[in-house]
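J.: Below are the sequence and a predicted model; questions follow.
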Amino acid sequence: MGQKTHPTGFRIAITEPWRSRWYASRKDFSKFLVEDQKIRKFILDNWAFAAIPRVEIERTGDLITVFIHTARPGILIGKKGAKVDKFREDLEKLTGKAVRMKIVEIHRPELEATLVAESVAEMMSKRRNYRMILKKAVEQTMAAGALGVKIVVSGRLQGAEMARVGKISRGRVPCTTLRAKLDYGQIHAKTKAGTVGVKVWIFNGEYGPDETTNGLLPVKGKDRVPSAV
């Protein structure tokens with residue numbers, strides 16, 4: 001049996017921050033959880049072209065703050081902020097609460113695993129040779145400064161009758177090292193032959209001894225990270 005762990009979930013509250021940050025009573029927890037999922041689905045469905053790999057949500061009383069990480073902030077903001085205002089109004093109608101939006105620009109999209117996976121999926125939907133696609137994506141990511149990258153695609157590659165798996169890797173990708181700065185992305189590519197899964201791992205170095213990791217637990221020593229309580 002395969003025993004695989006999600007690379008981001010494995011590091012949550014240790015070296016990765018929570019994607020939703022709020023406190024709720026037992027009766028409100030499920031309502032807030034479903035609401036967060038609706039917000040993320042609405043954003044990714046309506047603004048998929050804006051290169052959004054990550055959406056973070058914070059709640060303070062009745063105010064919802066949505067952090068949108070994007071490689072194309074100009075598309076989201078629009079002329080004089082018109083688009084972002086309309087976007088915020090749509091979210092307020094969806095949730096029935098006051099919403100504040102913060103746009104976080106991504107300066108190196110080649111180092112964002114989700115954006116790399118989206119790029120691979122887009123090219124595969126155009127029926128290009130998947131081996132050339134993976135090779136080009138890996139070369140661009142390594143040229144951007146990554147220490148390691150791994151890409152796996154699975155499905156009816158290039159319209160084959162039987163599903164198969166294609167993979168490529170460069171450098172080092174330590175999935176089980178908690179102090180590793182490892183980004184992970186997963187996308188489904190829609191092709192004429194069916195759906196093809198795309199998974200990307202990008203390794204961007206390690207947190208050093210006693211270095212604070214995103215305001216969470218400090219890394220202690222060289223070979224050990226304290227467990228979350």
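T.: Okay, I see it.
J.: Now Val66: closest residue in space, sequence neighbours ignored.
T.: Nearest residue to Val66, sequence neighbours excluded (CB to CB, 6 or more residues apart in numbering): Met101, at 5.2 Å. Glycine gets a C-beta too; all of them are placed from N, C-alpha and C.
J.: quick one: that neighbour from Lys93, how far?
T.: In this structure, Met101 and Lys93 are 14 Å apart, going by CB to CB, to the nearest Å.
J.: neighbour-wise, which of these two wins?
T.: Met101 (17 against 9; other CB atoms under 10 Å).
J.: Tell me which residue lies farthest from the centre of this structure.
T.: In terms of distance from the mean C-alpha position of the chain, Glu161 ranks first, at 31.1 Å (CA atoms, centre = their mean).
J.: one step back: got the phi and psi for the residue nearest to Val66?
T.: For Met101, the backbone dihedrals (degrees, to the nearest 10) come out as phi -110, psi 140.
J.: average pLDDT for stretch 157-171?
T.: Per-residue pLDDT values over stretch 157-171 give a mean of 90.
J.: and if you look at stretch 105-125?
T.: Across stretch 105-125, pLDDT averages out at 92.
J.: Can you list the buried residues in that stretch?
T.: 106, 109-121, 123-124 (16 or more other CB atoms under 10 Å).
J.: what do you get for stretch 176-195?
T.: Residues Thr177, Leu178, Arg179, Ala180, Lys181, Leu182, Asp183, Tyr184, Gly185, Ile187, Ala189, Thr191 are the ones in stretch 176-195 that count as buried (16+ other CB under 10 Å).
J.: In TSV: the residues you listed, plus secondary structure and pLDDT.
T.: Shown next, in TSV, are these (DSSP: H, G, I helix; E, B strand; the rest coil; pLDDT from 0 to 100):
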residue	secondary structure	pLDDT
Thr177	coil	87
Leu178	coil	86
Arg179	coil	86
Ala180	strand	89
Lys181	strand	91
Leu182	strand	92
Asp183	strand	94
Tyr184	strand	95
Gly185	strand	93
Ile187	strand	92
Ala189	strand	89
Thr191	strand	87
